[in-house]
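sequence first, predicted model second:
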Amino acid sequence: MPKVFYTQPDGAVKVIDGTVGDSVMSTAVRHGVAGIVGQCGGTLSCATCHVYLDPAEMDNFAEPTEDEDDMLECTASDREDNSRLSCQLTLSDGIDVHVTVPDEQV
(Lines give C-alpha, C1' and ligand atoms only; values in the text may rest on other atoms or scores of the structure.)
Protein backbone atom coordinates (compact mmCIF):
# COMPACT_ATOMS: atom_id res chain seq x y z
CA MET A 1 0.00 0.00 0.00
CA PRO A 2 1.59 3.30 -1.05
CA LYS A 3 1.88 6.10 1.48
CA VAL A 4 1.46 9.73 0.51
CA PHE A 5 3.33 12.33 2.56
CA TYR A 6 1.73 15.78 2.29
CA THR A 7 3.97 18.54 3.65
CA GLN A 8 2.17 21.78 4.43
CA PRO A 9 3.78 25.21 3.90
CA ASP A 10 4.40 25.40 7.69
CA GLY A 11 6.31 22.09 7.61
CA ALA A 12 3.59 19.91 9.15
CA VAL A 13 3.35 16.51 7.46
CA LYS A 14 0.23 14.38 7.05
CA VAL A 15 0.82 10.76 6.02
CA ILE A 16 -2.01 8.83 4.39
CA ASP A 17 -2.19 5.22 3.27
CA GLY A 18 -3.25 5.47 -0.35
CA THR A 19 -4.97 3.07 -2.70
CA VAL A 20 -3.22 1.85 -5.83
CA GLY A 21 -4.81 3.50 -8.86
CA ASP A 22 -6.08 6.56 -7.00
CA SER A 23 -4.55 9.96 -7.59
CA VAL A 24 -2.60 11.99 -5.05
CA MET A 25 -5.38 14.61 -5.37
CA SER A 26 -8.32 12.26 -4.73
CA THR A 27 -6.48 10.77 -1.75
CA ALA A 28 -5.95 14.27 -0.33
CA VAL A 29 -9.55 15.38 -0.85
CA ARG A 30 -10.96 12.16 0.63
CA HIS A 31 -8.81 12.63 3.76
CA GLY A 32 -9.24 16.39 4.16
CA VAL A 33 -5.67 17.46 3.41
CA ALA A 34 -5.53 21.24 3.74
CA GLY A 35 -4.49 23.11 0.63
CA ILE A 36 -5.56 20.54 -1.98
CA VAL A 37 -8.78 21.92 -3.44
CA GLY A 38 -9.28 19.77 -6.54
CA GLN A 39 -12.00 22.11 -7.75
CA CYS A 40 -12.50 20.36 -11.10
CA GLY A 41 -12.54 16.87 -9.57
CA GLY A 42 -9.48 15.71 -11.47
CA THR A 43 -10.57 16.52 -15.02
CA LEU A 44 -7.44 18.56 -15.73
CA SER A 45 -9.37 21.80 -16.11
CA CYS A 46 -8.04 23.77 -13.13
CA ALA A 47 -4.81 24.06 -11.18
CA THR A 48 -6.17 23.84 -7.64
CA CYS A 49 -4.39 20.59 -6.89
CA HIS A 50 -0.92 21.94 -7.64
CA VAL A 51 1.88 20.35 -5.59
CA TYR A 52 5.65 20.25 -5.57
CA LEU A 53 6.73 16.65 -6.09
CA ASP A 54 9.90 15.49 -4.36
CA PRO A 55 12.55 15.85 -7.10
CA ALA A 56 13.92 12.39 -6.28
CA GLU A 57 10.51 10.93 -7.23
CA MET A 58 10.04 12.66 -10.58
CA ASP A 59 11.05 9.52 -12.50
CA ASN A 60 8.28 7.51 -10.78
CA PHE A 61 5.71 9.32 -12.93
CA ALA A 62 5.25 10.05 -16.62
CA GLU A 63 6.23 13.50 -17.83
CA PRO A 64 3.40 16.05 -17.70
CA THR A 65 1.17 15.99 -20.76
CA GLU A 66 0.77 19.12 -22.84
CA ASP A 67 -2.59 19.76 -21.13
CA GLU A 68 -1.06 19.46 -17.66
CA ASP A 69 1.84 21.67 -18.70
CA ASP A 70 -0.63 24.33 -19.89
CA MET A 71 -2.60 24.17 -16.62
CA LEU A 72 0.61 24.50 -14.59
CA GLU A 73 0.99 27.95 -16.14
CA CYS A 74 -2.19 28.93 -14.24
CA THR A 75 -1.14 28.05 -10.69
CA ALA A 76 -1.74 30.54 -7.89
CA SER A 77 1.69 29.80 -6.37
CA ASP A 78 4.85 29.98 -8.43
CA ARG A 79 5.51 27.09 -10.76
CA GLU A 80 8.76 25.23 -10.10
CA ASP A 81 10.61 22.52 -12.03
CA ASN A 82 8.97 19.91 -9.79
CA SER A 83 5.43 21.34 -10.01
CA ARG A 84 2.74 18.82 -10.85
CA LEU A 85 -1.03 18.63 -10.71
CA SER A 86 -1.74 16.00 -8.09
CA CYS A 87 -4.74 14.73 -10.07
CA GLN A 88 -2.22 13.47 -12.63
CA LEU A 89 -0.09 11.54 -10.13
CA THR A 90 -1.44 7.99 -9.89
CA LEU A 91 -0.45 5.84 -6.93
CA SER A 92 1.40 2.60 -7.66
CA ASP A 93 2.05 -0.41 -5.48
CA GLY A 94 5.18 -0.08 -3.37
CA ILE A 95 5.92 3.53 -4.36
CA ASP A 96 5.52 6.18 -1.66
CA VAL A 97 4.96 9.78 -2.75
CA HIS A 98 6.20 12.96 -1.07
CA VAL A 99 4.61 16.25 -2.08
CA THR A 100 4.64 19.75 -0.68
CA VAL A 101 1.45 21.79 -0.78
CA PRO A 102 1.98 25.37 -2.03
CA ASP A 103 1.03 28.45 -0.02
CA GLU A 104 -2.11 29.06 -2.08
CA GLN A 105 -4.23 27.34 -4.70
CA VAL A 106 -6.77 29.96 -5.72
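Thanks, I have the structure now.

contacting residues for the residue nearest to the spatial centre of the chain?
Geometric centre of the chain, nearest residue: residue 86, 2.6 Å, by Cα atoms, centre = their mean. Residue 86 makes contact with 23, 24, 25, 28, 36, 38, 49, 50, 51, 99, according to Cβ atoms under 8 Å, 6 or more residues apart in numbering. From N, CA and C alone the C-beta is placed, and that goes for glycine too.

okay if I get those residues as a markdown table plus secondary structure, neighbour count and distance to residue 58?
As requested, these are exported to a markdown table (DSSP: H, G, I helix; E, B strand; the rest coil; neighbours: other Cβ atoms under 10 Å; distance: Cβ to Cβ, whole Å):
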| residue | secondary structure | neighbour count | distance to residue 58 |
| --- | --- | --- | --- |
| 23 | strand | 21 | 17 |
| 24 | helix | 29 | 14 |
| 25 | helix | 26 | 17 |
| 28 | helix | 27 | 19 |
| 36 | coil | 24 | 19 |
| 38 | coil | 22 | 21 |
| 49 | coil | 31 | 17 |
| 50 | strand | 29 | 15 |
| 51 | strand | 29 | 12 |
| 99 | strand | 25 | 12 |
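
make TSV out of those and add pLDDT and distance to residue 65.
Shown next, in TSV, are these (pLDDT from 0 to 100; distance: Cβ to Cβ, whole Å):
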residue	pLDDT	distance to residue 65
23	98	14
24	98	16
25	98	15
28	98	20
36	96	20
38	93	18
49	97	15
50	97	15
51	98	16
99	98	18
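
redo those residues as a markdown table? Include distance to residue 105.
Output for the contacts of residue 86, formatted as a markdown table (distance: Cβ to Cβ, whole Å):
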| residue | distance to residue 105 |
| --- | --- |
| 23 | 16 |
| 24 | 14 |
| 25 | 11 |
| 28 | 11 |
| 36 | 7 |
| 38 | 9 |
| 49 | 8 |
| 50 | 6 |
| 51 | 10 |
| 99 | 13 |
